[in-house]
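Asks: My questions are about this predicted structure, shown below with the sequence.
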Amino acid sequence: MAHPYARMAGVMAFTLVLAASPWRHKTGSLAVSRDDALKRLDKNLGDPLNPAQKLGDRPSAGSNAEEKNLWNLQMANLWERYGEQLHAGTPRPGMAARDPYHLRFFIALTMAITAATSSGPRLDQIKQAFDWTVPAPPTPPAPPLQLKAWVTPPDNIPKAPLHMTESTRDHLKGGEKLEAHQSSTLTIMTYGTATKITVNGQPLPVQKEIPQGEGKTGYQYEVKLQDAETVVAIERGPTWHIDVAQDRAPSVSIQGIATPAAPAGGKDSKGIDIDYRAKDDYGYQGEIIVKMPGKADPAAKPLPSAQVPVFTLP
């Protein structure tokens, strides 16, 4: 759409041209003098006496009453004889001579096609030409958001942190698909201003404000990833879809306990062999705790040699 000042100038120019068109020398369509009109009436009548021009006469200023009466009588006779025969005739604009290439029809056809093919309310589009309201200056765009984000796995999972980069934005829009383990920590840092961040539709509050120097501040957000499908959306920033692998509980079972045989000629073995099976989706840590059978006497004081150490599972 044109600027309001341009629309204003267009309407004014059209109005001036329309108002000045009757006084154009060649056209003269409305700027017809009284004498020209009378001559046209006589020309259409074809009488050599030119009665229309005589009807346009006026008695001289110094005429006496008798002269005025004679003049009025002559006018009455002319009106009685020619009054019903005086006609302006059919308009003859002579457009064929002025427009030999028929451009007038092209302009009308163009306007008709434009009106037929234009979309939306046509009346409103016409009204827009008379809307001279100057719009408010556009609001300057917000500066690009600066941020860093990474996913830190749980302590028991020996994996490096996953850094969220431009290539890891929403995989539904061409980015990579992100995977993380349950209870991993997603950390997001924005710089300069706090921003709206949602995790599965829930707003994420600022956890910490960190001064960056030069009057700038960093805003830190953290969240534990728990839901299998997690969507992180950042206002004016990327959207991440993260597949969160659910943590399965570790399992351990003792397959058997045996006393190893003593070597030939040697003394009895003082140890035991424990056959166990342990598994977890991301590794495990475990201990063997050996306790003496039965209930100990509350008053008894165990000797240091009776304390059985705790063994870490290899």
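Replies: Nice, I can see it. Residues are numbered from 1 along each chain as shown.

Asks: Show me the contact partners of the helix or strand harbouring residue 190.
Replies: Using DSSP states H and E, residue 190 falls within strand 185-191. Identification of contacts with strand 185-191 by CB atoms under 8 Å, 6 or more residues apart in numbering yields 145-152, 180, 197, 199, 204, 210, 212, 216-225, 232, 234, 242. Glycine gets a C-beta too; all of them are placed from N, C-alpha and C.

Asks: Mind listing what's buried along that strand?
Replies: For strand 185-191, the neighbour count (16 or more other CB atoms under 10 Å) marks 186-190 as buried.

Asks: partner strands of that strand, parallel or antiparallel?
Replies: Paired with strand 185-191 in the same sheet, following DSSP bridges, are strand 146-152 (antiparallel), strand 216-224 (antiparallel).

Asks: residues in contact with the first one?
Replies: When contacts are defined by CB under 8 Å, 6+ apart, strand 146-152 is touched by residues 161-164, 178, 180, 184-192, 195, 225, 234, 237, 240, 242.

Asks: redo that, cut-off 10 Å
Replies: Here strand 146-152 makes contact (CB atoms under 10 Å, 6 or more residues apart in numbering) with 159-165, 168, 178-181, 184-193, 195, 197, 216, 218-222, 225, 232, 234, 236-238, 240, 242, 244.

Asks: Now do the buried residues in that strand.
Replies: Result for strand 146-152 [16+ other CB under 10 Å]: buried residues 147, 149, 151-152.

Asks: Kindly export it (C-alpha atoms) in PDB.
Replies: The C-alpha coordinates for strand 146-152 follow below in PDB (Å, rounded to 0.1, in the frame of the first residue of the first chain):
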ATOM      1  CA  GLN A 146      22.200 -15.000  22.900                       C
ATOM      2  CA  LEU A 147      22.200 -18.300  24.800                       C
ATOM      3  CA  LYS A 148      24.100 -21.400  25.600                       C
ATOM      4  CA  ALA A 149      22.500 -24.800  26.600                       C
ATOM      5  CA  TRP A 150      23.800 -28.200  27.500                       C
ATOM      6  CA  VAL A 151      22.600 -31.500  29.100                       C
ATOM      7  CA  THR A 152      24.700 -33.000  31.900                       C
END
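
Asks: Just after that strand, pick out the following helix or strand.
Replies: strand 162-164.

Asks: Quick check: mean pLDDT of that next one?
Replies: When the per-residue pLDDT values of strand 162-164 are averaged, the result is 85.

Asks: same thing with stretch 203-213?
Replies: Across stretch 203-213, pLDDT averages out at 88.

Asks: do the same with stretch 130-150
Replies: Mean pLDDT, computed over stretch 130-150, is 81.

Asks: what about it, how long is it end to end?
Replies: The first and last residues of stretch 130-150 sit 56 Å apart, counting by CA to CA, to the nearest Å.

Asks: now swap in stretch 88-96 and tell me
Replies: Start and end residues of stretch 88-96 are separated by 21 Å (CA to CA).

Asks: Outside of it itself, list whatever touches it.
Replies: Under the criterion CB under 10 Å, 6+ apart, external residues in contact with stretch 88-96 comprise 27, 29, 32, 37, 40-41, 43-45, 99, 102, 104.

Asks: Out of those, which end up buried?
Replies: Neighbour-count burial (16+ other CB under 10 Å) applied to the contacts of stretch 88-96 gives 40-41, 45.

Asks: Any chance of CSV for the residues you listed, columns distance to residue 76 and secondary structure?
Replies: Listed next are the buried ones among the contacts of stretch 88-96 as CSV, based on distance: CB to CB, whole Å; DSSP: H, G, I helix; E, B strand; the rest coil:
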residue, distance to residue 76, secondary structure
40, 23, helix
41, 18, helix
45, 18, helix
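
Asks: returning to that earlier point: state the paired neighbours of the next helix or strand after the strand holding residue 190 in the sheet, together with their directions.
Replies: Scanning forward in sequence from strand 185-191, with DSSP H and E defining helices and strands, the next element found is strand 197-199. With DSSP bridges as the criterion, the sheet partners recorded for strand 197-199 are strand 202-203 (antiparallel), strand 229-234 (antiparallel).

Asks: Name the residues that touch strand 197-199?
Replies: Everything outside strand 197-199 that qualifies as a contact, by CB under 10 Å, 6+ apart, is 147, 149, 186, 188, 190, 203-206, 219, 221, 223-227, 230-235, 237, 239-240, 242.
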